[in-house]
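J.: the following comprises the amino acid sequence and a computationally predicted model.
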Amino acid sequence: MLEIIGLSKHYGDVHAVNDLSLTIEPGEIFTMLGANGAGKTTTLMVSLGFTEPTAGTVKICGIDVTKDPLEAKKHVAYVSENVMLYGNFTARQNLEFFTKLGGRKDVSDDEYREVMGRVGLQQDAFDRRVKGFSKGMRQKLGIAIAIMKNAEVILLDEPTSGLDPKSGAEFLQLLAELREENKAIWMTTHDIFRAKQIADRVGIMVEGNLVRIFSSDELEQEDLEKIYVEYVSQPAEQAA
């Protein structure tokens, strides 16, 4: 479970996040929509312990990220828009390196190959150097790394950006499988269609404020794109 309680993050006069409270339960996909600079990535960075909050608390599986960052990190996996991998390593070598870095030392070669196949990497890509991979292939490998960590919470920052329709559909199917495994998943995105397609709930963030949350039932009835444009087009004080 991911719990965000009264979170604020300020950089001088810039209020990147304002009094955000949000809980993402096991077996739930929460998707956050927002323009660049809305505060989505800042919230992720605080949740990962990469920066400290100005106020408030983030807990991962009940562990305060600020007070006990090393223990909290054991329970969370992160996939960024541009997955950072070692270009001269093969897919298999990258997966093994990051899996061991995450604390798992007893993984067999069959397990590595199974998870790479699960995320949709072709057999001939397993032993190729990653520097020749497309963005979609790098995203798949990033998810494979997250799966191998077996973390209860998965944070995804614009993971479908730049993916072709086929890769995007495969990615969403994989997220659905992880939800069935009781993972708590938070994904930031600009992609309204995919957000609506996969999410149990969708939030809209405007200039550091979480201004609206839609349930899955509401998503079927509302014109999400129209509402989103209306929110991001008005001044932040009106949106909030």
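T.: Received it, and whenever you're ready, just let me know what you need. Residues are numbered from 1 along each chain as shown.

J.: so which strand or helix has the residue most central in space within the chain?
T.: Nearest to the geometric centre of the chain sits Leu156, at 1.4 Å (Cα atoms, centre = their mean). Leu156 is located in strand 153-157, with elements delineated by DSSP states H and E.

J.: give me the neighbour count for Glu220.
T.: Neighbours of Glu220 under the rule other Cβ atoms under 10 Å: 10. Quick note: C-beta positions are derived from backbone N, CA and C, even for glycine.

J.: tell me where this structure has strands.
T.: Taking DSSP state E, the strands of the chain run over residues 2-11, 14-24, 28-33, 55-60, 63-64, 76-79, 153-157, 184-189, 201-206, 209-215.

J.: need those in TSV (columns: mean pLDDT and distance to Leu101).
T.: Output for these, formatted as TSV (pLDDT from 0 to 100; distance: least, Cβ to Cβ, whole Å):
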stretch	mean pLDDT	distance to Leu101
strand 2-11	95	22
strand 14-24	94	25
strand 28-33	94	26
strand 55-60	96	18
strand 63-64	96	19
strand 76-79	90	12
strand 153-157	93	17
strand 184-189	93	22
strand 201-206	94	31
strand 209-215	93	33
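
J.: which of those strands sits closest to Ala176?
T.: Relative to Ala176, the nearest member of the strands of the chain by Cβ to Cβ is strand 28-33, separated by 7.9 Å.

J.: now do the helices in this structure.
T.: Here the chain has its helices, by DSSP state H, at 40-47, 69-73, 91-101, 109-118, 135-149, 165-180, 192-198, 216-221, 224-233, 236-239.
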